[in-house]
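1. fold the following and give me the result.
(one chain, ligands or ions: 2)
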Amino acid sequence: MAQPIELQPQAITVQELAAINSRQVPERYIREGVGDLDASFPVLDVPTIDLQLLASSSSTSGDELDKLRSALSSYGCIQAINHGITSAFLDKLREVARQFFALPSEEKKKYSREIGSIEGYGNDMILSEHQILDWTDRLYLILRPEDKQTLKFWPENPESFRGILNYYSTKLHVILEVLLKAMARSLNLEENQFLQQYGDQATMQARFNFYPICPRPDQVLGVKPHADGSVITMLLQDKEVEGLQVLKDDQWFNVPIIPQALLINVGDQAEIMSNGIFKSPVHRVVTNSERERITLAVFCIPHPDQEIQPVEKLINESHPRLYKKVKDYVSLYFQYYQQGRRPMEAALI
Ligand SMILES: O=C(O)CCC(=O)C(=O)O
Ligand SMILES: [Fe+2]
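-> Ligands and ions are numbered 1, 2, ... in the order given. The predicted structure follows:
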């Protein structure tokens, strides 16, 4: 996979910046002309989907499939409940993430990523001189396949971190299969149509996002607007602090928190496979002047050699083929991203 070209590493993490000066934000983080980011935004009523129902063959599962199709084609995301992971476990996972980011800087920096590489602990990569930076630090880890895990980046403190994260990835793998099958069935396709393209060599990559308290939430973003380059992304939100916003009908909406739910969103590659029926939503993260926020996004990404294209059965006269065949979409994604373009343009016919 081609790596992004990083101009220079950042000397200091956002968490350190926030600790040194709690009232000012360096200019490189300030966004002009984006309106008041701290304004009140309407709430997006993201549909809640019961995964147990989706997986079953009961008579109610048909309704749930309809709900799924409609949610993924209009919102591009769902709040998944009954996914088989207990709330107590999700709290434990949130807790080890909190403990990691609460460690002293020197301790966290043992896991620092290398320049130009995404895996490990660090902050927003500087890819161009004019880039406005995101108010966030991250810990990026490859979860699956297990032999691709780079353990030197996996925290040993707290002690339970690795075990908890591995258990979570096993659970997510099961959920992913349920979802991809249900997505295909919801479009009247044979249930393995998406799963086959996704392939058995796919990777799951975790990104822990830490958003320190920010003194200028009106002009600073936690994450700039983007759509994910994955097939799907599974996001564990902070239990108490909101921040994620989704663009729908040219308007930004807040995504509410359902503590026991996983927010699932369509990535660009599922939009391609579904010939544009499922929408990969543009989203961003706003900052908060009172509370820090921690989330965990897991990206499900096919192997770079795997070809991704619209399923044949979804192409017809009234729905002509919208996307080319793509391979290693994540590399394409970075090339376009660096030029400030929407990566999906690369796949359009
Ligand atoms: O932290 C969030 O709520 C979303 C993060 C996100 O969009 C991402 O990591 O791609
Ligand atoms: Fe995202």
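2. going forward, measure contacts between C-alpha atoms and count neighbours the same way
-> Fine.
3. M234: what secondary structure?
-> Classification of M234 using DSSP: H, G, I helix; E, B strand; the rest coil returns strand.
4. count of neighbours near it?
-> Using other CA atoms under 10 Å, M234 has 23 neighbouring residues.
5. so for stretch 166-176, mean pLDDT?
-> On average, the pLDDT along stretch 166-176 is 98.
6. need the helices for the stretch 151-300 of the chain, in chain order.
-> In the stretch 151-300 of the chain, the helices defined using DSSP state H, counting those that start in this stretch lie at 161-186, 193-198, 268-273.
7. and the last one, does that touch ligand 1?
-> This means helix 268-273. No: using CA under 6 Å from any ligand atom, helix 268-273 stays clear of ligand 1, coming no nearer than 12.0 Å.
8. other SSEs contacting that helix?
-> If you count contacts as 3 or more CA pairs under 8 Å, 6 or more residues apart in numbering; DSSP states H and E, helix 268-273 packs onto strand 307-308.
9. helices and strands of the chain: which one bottoms out on pLDDT?
-> Between all helices and strands in the chain, the lowest mean by mean pLDDT, DSSP states H and E belongs to helix 329-338, at a mean of 82.
10. take the helices of the stretch 151-300 of the chain and write them to CSV, including mean neighbour count.
-> As requested, those are arranged in CSV below (neighbours: other CA atoms under 10 Å):
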stretch, mean neighbour count
helix 161-186, 18
helix 193-198, 20
helix 268-273, 27
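11. any idea which of these gets closest to M234?
-> Minimum separation from M234 across these (CA to CA) falls at helix 161-186, 8.2 Å.
12. okay, the angle between that closest one and strand 232-236?
-> With axes from the mean of the first three to the mean of the last three CA atoms, to 10 degrees defining the directions, helix 161-186 sits at 130 degrees from strand 232-236.
13. remind me what helix 161-186 packs against, helices and strands.
-> Applying 3+ CA pairs under 8 Å, 6+ apart, one finds that helix 161-186 contacts helix 51-55, helix 60-74, helix 87-101, strand 137-144, helix 193-198.
14. stretch 248-261 and ligand 1 in contact?
-> No: judged by CA under 6 Å from any ligand atom, stretch 248-261 and ligand 1 are separated, with a smallest distance of 8.6 Å.
15. pull the residues that contact that stretch.
-> Contact partners of stretch 248-261, identified using CA atoms under 8 Å, 6 or more residues apart in numbering, comprise 41-46, 75, 79-83, 86-87, 90, 236-247, 281.
16. please pick the buried ones from the residues you listed.
-> 44, 46, 75, 79-81, 83, 90, 236-239, 241-247, 281 (16 or more other CA atoms under 10 Å).
17. and P155, how far from ligand 1?
-> Separation of P155 from ligand 1 (CA to the nearest ligand atom, to the nearest Å): 19 Å.
18. got a list of what the residue of the stretch 201-349 of the chain found nearest ligand 1 touches?
-> Nearest to ligand 1 in the stretch 201-349 of the chain, going by CA to the nearest ligand atom, is L244, at a distance of 4.4 Å. Each residue near L244 by CA under 8 Å, 6+ apart is listed here: N254, V255, H283, R284, V285, V286.
19. over to R291?
-> Counting by CA under 8 Å, 6+ apart, R291 touches P212, I213, V241.
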